[in-house]
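Undergrad: Sequence plus predicted model, see below.
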Amino acid sequence: LIDWGMYDNTRMLAGGRLPLAIASGELMQEESSEEDLRIVKSRLEQKNAIFVSNTDARQVFPEVNPRMKKMAARLGYERELLEVVYDFQGRVCFEIFQFRPRMGGAERH
């Protein structure tokens with residue numbers, strides 16, 4: 001879960017059967033530390049990992065979505081959108097996605 005406000009709802013809807021991880025400090029800083037990259041890399045490398053975020057317009061913590069995309073690209077991954085979740089009034093709320101290894105691998109610095 002990339003942003004705040006989804007953990008309890010997701011846990012309840014899944015009946016506690018899903019292993020959930022919450023992004024925390026690794027997405028809160030403007031510049032990523034080596035430790036932040038290590039944490040994100042470990043999550044990206046998990047087989048069949050699914051990610052959920054608020055849409056960019058509904059982020060609780062500003063910039064977590066772009067930071068996640070930037071870190072994933074730096075580590076050689078690209079985002080693949082799987083599903084968009086709407087609220088009862090038809091407004092886009094959440095995005096469900098995976099990260100796949102990008103052809104050509106990690107970015108060069």
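TA: Arrived safely.
Undergrad: Which stretches in this structure count as strands?
TA: Using DSSP state E, the strands of the chain run over residues 51-54, 77-86, 92-101.
Undergrad: pLDDT below threshold where in the protein?
TA: 105-109 (pLDDT under 70).
Undergrad: which residues of it fall in helices?
TA: Secondary structure of the chain (DSSP state H): helices located at 7-13, 34-44, 64-74.
Undergrad: among those, which is the most enclosed?
TA: Counting by mean count of other C-beta atoms under 10 Å, helix 64-74 has the highest mean neighbour count of the helices of the chain, with a mean of 18. Where you see a C-beta, it was placed from the backbone N, CA and C, and this is true even at glycine.
Undergrad: Can you name the residues that contact V85?
TA: Contacts for V85 (C-beta atoms under 8 Å, 6 or more residues apart in numbering) come out as V92, C93, F94, E95, I96.
Undergrad: Most neighbours of all those, which one?
TA: Neighbour counts for these peak at F94, which has 22 neighbours (criterion: other C-beta atoms under 10 Å).
Undergrad: Identify the bridge partners of it.
TA: N54, V85 (DSSP bridges).
Undergrad: circling back to that earlier point, so of the strands of the chain, which one's packed in deepest?
TA: Across the strands of the chain, the average number of neighbours (mean count of other C-beta under 10 Å) peaks for strand 51-54, which reaches a mean of 20.
Undergrad: What is that one packed up against?
TA: Judged by 3 or more C-beta pairs under 8 Å, 6 or more residues apart in numbering; DSSP states H and E, strand 51-54 is in contact with helix 64-74, strand 92-101.
Undergrad: hang on, the earlier thing: quick one: closest of the strands of the chain to W4.
TA: strand 51-54 (8.1 Å; C-beta to C-beta).
Undergrad: Can you give the contact residues for that closest one?
TA: For strand 51-54, the external contacting residues (C-beta under 8 Å, 6+ apart) are 1-3, 5-6, 10, 59-60, 64-65, 68, 93-99.
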